[in-house]
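*Asks:* curious how this folds, go ahead:
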Amino acid sequence: MSLGTNKEITGYLPDEKPSNGKLILFALQQILVMFPATVTVALLTGFHISTTIFASGFATLCFLLITKGKIPLYYGSSFSYIAAICGITAIPHVGAIATDEAISMAQFGIIMSGLVSIGAGLIVNKFGQDKIEKVLPATITGSIAIIIGLSLAGTAMTSSAGYENGTVNPKYWVVALVTLLATVLFSVYLQKGVIGQIPILLGMAVGYVVSIPMGLIDFSVIFSEGIFTTPHFTLPIPNWAAVLAIMPIAIATIPESTAHLYQLDIYVNDLAKKKNSKKQYNIGDKLGLNLIGDGVGDIVSSMFGGPAGTNYGENISTMAITRNFSVWVLGAAAIITIVMSFFAPLINLVRTIPTPVINGACIYLFGVIGVQGVAIMISKKVDLFDARNLAVIAVILIIGIGGSFGFPDGNIMITNSISVPAIATASVVGILLNLLLNIGKTKTDK
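*Replies:* Residues are numbered from 1 along each chain as shown. Here you go, the predicted model:
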């Protein structure tokens with residue numbers, strides 16, 4: 001069915017630049033959706049928040065430069081590395097700051113993991129992406145995208161409710177549901193002009209306003225640390241225990257990066273088609289470049305004392321919802337983030353956003369991440385009646401989702417003392433199972 005020739009399609013393709021005022025507004029929206037998860041990783045691993053924020057912005061700029069602005073992705077702290085990094089930093093409780101020595105040792109492991117991603121990217125460029133797609137078909141990348149979104153569902157729901165020690169906070173529910181409803185309504189019904197490009201920002205603004213009379217915002221913290229602050233930079237220290245713990249995680253995150261790339265390719269080219277653009281955005285063919293950019297991001301982030309990172313699904317969801325894939329917006333977001341890391345009031349202002357506001361919007365955003373996994377399979381015409389495909393998809397989904405919810409902190413316990421990240425494990429098992437099931441398979445096999 002045709003959309004109709006009179007319907008205006010609002011959106012920005014990767015190489016399109018909004019006006020300066022819009023650019024800043026759109027950039028702030030991207031910052032808001034990446035901020036909570038990036039800060040959470042710092043709190044869980046013992047890294048310094050201001051340094052983590054600085055590293056996120058700087059790594060994003062480096063990624064955009066390395067990829068020559070052809071891949072619109074934002075770099076934020078990765079949850080996949082949390083368990084491995086915590087094994088090195090060994091903080092006594094969430095929110096504690098690790099020693100400089102522990103952070104420095106973890107930095108070295110993260111740098112080496114970045115080299116793994118770069119190496120994988122060079123291999124893809126050398127042997128061709130079609131060879132890699134045999135190892136990472138849509139059955140795997142689509143499934144990984146689904147479990148990434150769904151594995152975050154529990155956090156979005158419990159945090160929206162203020163769930164703690166068996167009790168919930170009714171005020172949290174009210175704010176979360178208002179934020180969710182406002183965000184959905186803005187994204188569905190306001191699709192023209194500037195306002196149609198910022199539904200997440202508007203939805204969170206509504207939730208923030210509702211939170212004020214409920215006493216959920218403490219404005220006193222905004223200037224509690226003065227005006228200027230310098231991120232706490234540390235230098236890496238060679239440590240082979242950190243390398244053994246952290247470096248292998250990079251292999252397991254390759255399917256995640258691949259999934260993100262395919263998600264972007266689908267949505268960007270769909271927008272290009274609707275805008276009658278004659279330009280073809282072959283983002284899906286740039287896996288090697290994407291992996292190299294990922295690796296560079298890890299290295300430059302960790303050189304300053306930031307944690308390992310990844311291209312954020314939350315930001316991809318925001319781009320998909322708003323149809324705004326402008327690399328200029330992501331670059332502006334990165335620069336503003338770097339500036340924020342030196343101004344305590346700006347960081348603290350964002351931190352005043354109540355948990356139910358953030359997670360009310362995330363109920364929507366995390367769901368979109370999962371739906372994008374389905375879109376990958378549809379786009380790649382995955383045959384769901386094929387026994388091999390069903391086996392691979394089923395195993396990945398259950399290991400990834402079951403492991404995320406069935407064990408503490410989303411880490412599958414192998415023994416009482418050894419645990420592995422659920423999503424990374426699902427990725428590795430899915431890859432191996434797919435290779436095993438395709439031994440001896442011919443092109444004529446159904």
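
*Asks:* show the backbone phi and psi for Tyr75.
*Replies:* phi -100, psi 120 (degrees, to the nearest 10).

*Asks:* quick check: the gap between it and Thr67.
*Replies:* With the distance defined as Cβ to Cβ, to the nearest Å, Tyr75 ends up 11 Å from Thr67. Every residue, glycine included, has its C-beta placed from N, CA and C.

*Asks:* same deal with Ala102?
*Replies:* 32 Å.

*Asks:* and what of Val395?
*Replies:* Look at Val395 and Thr67: by Cβ to Cβ, they are 32 Å apart.

*Asks:* neighbour count for these two, which is higher?
*Replies:* Here Val395 and Thr67 are set side by side on neighbour count (other Cβ atoms under 10 Å), and the busier one is Thr67, at 20 against 16.

*Asks:* does the more buried one touch Ile283 like I think?
*Replies:* No - under the criterion of Cβ atoms under 8 Å, Thr67 is not in contact with Ile283, lying 9.8 Å apart.

*Asks:* contacts only, for the residue most central in space within the chain.
*Replies:* Computing the C-alpha centroid of the chain and ranking residues by Cα atoms, centre = their mean puts Tyr312 first, at 2.0 Å. Residues counted as contacts of Tyr312 (Cβ atoms under 8 Å, 6 or more residues apart in numbering) are Val33, Met34, Ala37, Leu73, Tyr74, Tyr75, Gly76.

*Asks:* out of these, which sit inside helices?
*Replies:* Taking DSSP state H as the definition of helices, the contacts of Tyr312 contribute Val33, Met34, Ala37.

*Asks:* scan those residues and report the most crowded one.
*Replies:* Neighbour counts for the ones in helices among the contacts of Tyr312, by other Cβ under 10 Å, peak at Val33, which reaches 27 neighbours.

*Asks:* next SSE after the helix or strand where Gly149 lies?
*Replies:* Under the assignment given by DSSP states H and E, the secondary-structure element containing Gly149 is helix 138-151. Proceeding C-terminally, helix 138-151 gives way to helix 153-161 as the next helix or strand, assigned by DSSP H and E.

*Asks:* quick one: average pLDDT of that following helix?
*Replies:* On average, the pLDDT along helix 153-161 is 88.

*Asks:* CA-only coordinates of whichever helix or strand comes after that helix in PDB, if you can.
*Replies:* Using DSSP H and E, the helix or strand that directly follows helix 153-161 along the chain is helix 170-189. Taking only C-alpha atoms (Å, rounded to 0.1, in the frame of the first residue of the first chain), the coordinates of helix 170-189 have been written out as PDB:
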ATOM      1  CA  PRO A 170       3.400   4.100  43.800                       C
ATOM      2  CA  LYS A 171       4.800   7.500  42.900                       C
ATOM      3  CA  TYR A 172       7.400   5.900  40.700                       C
ATOM      4  CA  TRP A 173       4.700   4.000  38.800                       C
ATOM      5  CA  VAL A 174       2.800   7.100  38.200                       C
ATOM      6  CA  VAL A 175       5.800   9.000  36.800                       C
ATOM      7  CA  ALA A 176       7.000   6.000  34.800                       C
ATOM      8  CA  LEU A 177       3.700   5.400  33.100                       C
ATOM      9  CA  VAL A 178       3.200   9.100  32.400                       C
ATOM     10  CA  THR A 179       6.600   9.300  30.800                       C
ATOM     11  CA  LEU A 180       6.000   6.100  28.800                       C
ATOM     12  CA  LEU A 181       2.600   7.200  27.500                       C
ATOM     13  CA  ALA A 182       3.900  10.700  26.700                       C
ATOM     14  CA  THR A 183       6.900   9.300  24.800                       C
ATOM     15  CA  VAL A 184       4.800   6.900  22.800                       C
ATOM     16  CA  LEU A 185       2.100   9.500  22.000                       C
ATOM     17  CA  PHE A 186       4.800  12.100  20.900                       C
ATOM     18  CA  SER A 187       6.600   9.500  18.700                       C
ATOM     19  CA  VAL A 188       3.300   8.300  17.100                       C
ATOM     20  CA  TYR A 189       1.300  11.400  16.600                       C
END
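
*Asks:* quick check: angle from helix 170-189 to helix 153-161?
*Replies:* Using axes from the mean of the first three to the mean of the last three Cα atoms, to 10 degrees, one finds that helix 170-189 and helix 153-161 are set 120 degrees apart in direction.

*Asks:* so which bits of the following helix or strand past helix 170-189 are buried?
*Replies:* Note on helix 170-189: by DSSP H and E, the next helix or strand toward the C-terminus is helix 199-211. Neighbour counts using 16 or more other Cβ atoms under 10 Å place Pro199, Ile200, Leu201, Leu202, Gly203, Met204, Ala205, Val206, Gly207, Tyr208, Val210, Ser211 of helix 199-211 among the buried residues.

*Asks:* how near is the fourth one to Phe26?
*Replies:* Using Cβ to Cβ, one obtains 12 Å as the distance from Leu202 to Phe26.

*Asks:* also the fifth one?
*Replies:* When Cβ to Cβ is applied, the distance between Gly203 and Phe26 equals 15 Å.

*Asks:* and for the third one?
*Replies:* Between Leu201 and Phe26 the computed distance is 8 Å (Cβ to Cβ).

*Asks:* common neighbours of the two, please.
*Replies:* The contact sets of Leu201 and Phe26 do not overlap (Cβ under 8 Å, 6+ apart).

*Asks:* got the buried residues for the helix or strand bottoming out on mean pLDDT in the chain?
*Replies:* For the chain, scoring each helix and strand by mean pLDDT, DSSP states H and E identifies helix 129-135 as the least confident one, at a mean of 75. Judged by neighbour count (16+ other Cβ under 10 Å), helix 129-135 contains these buried residues: Ile132, Glu133.

*Asks:* follow-up on the earlier one: what is the lowest-pLDDT residue among the contacts of Tyr312?
*Replies:* In terms of pLDDT, the weakest of the contacts of Tyr312 is Ala37, which scores 79.

*Asks:* state the pLDDT value of Asn20.
*Replies:* For Asn20, the model assigns a pLDDT of 91.

*Asks:* how much space between it and Ser404?
*Replies:* 41 Å.

*Asks:* those two: which has the busier surroundings?
*Replies:* Comparing Asn20 with Ser404 by other Cβ under 10 Å, the one with more neighbours is Ser404, at 24 against 10.

*Asks:* surely the more buried one touches Gly410?
*Replies:* Yes - taking contacts as Cβ under 8 Å, Ser404 lies within contact range of Gly410: 4.4 Å.

*Asks:* next, show the common contact partners of these two.
*Replies:* Contact criterion Cβ under 8 Å, 6+ apart; residues shared by Ser404 and Gly410: Ser151, Ala422, Ile423.
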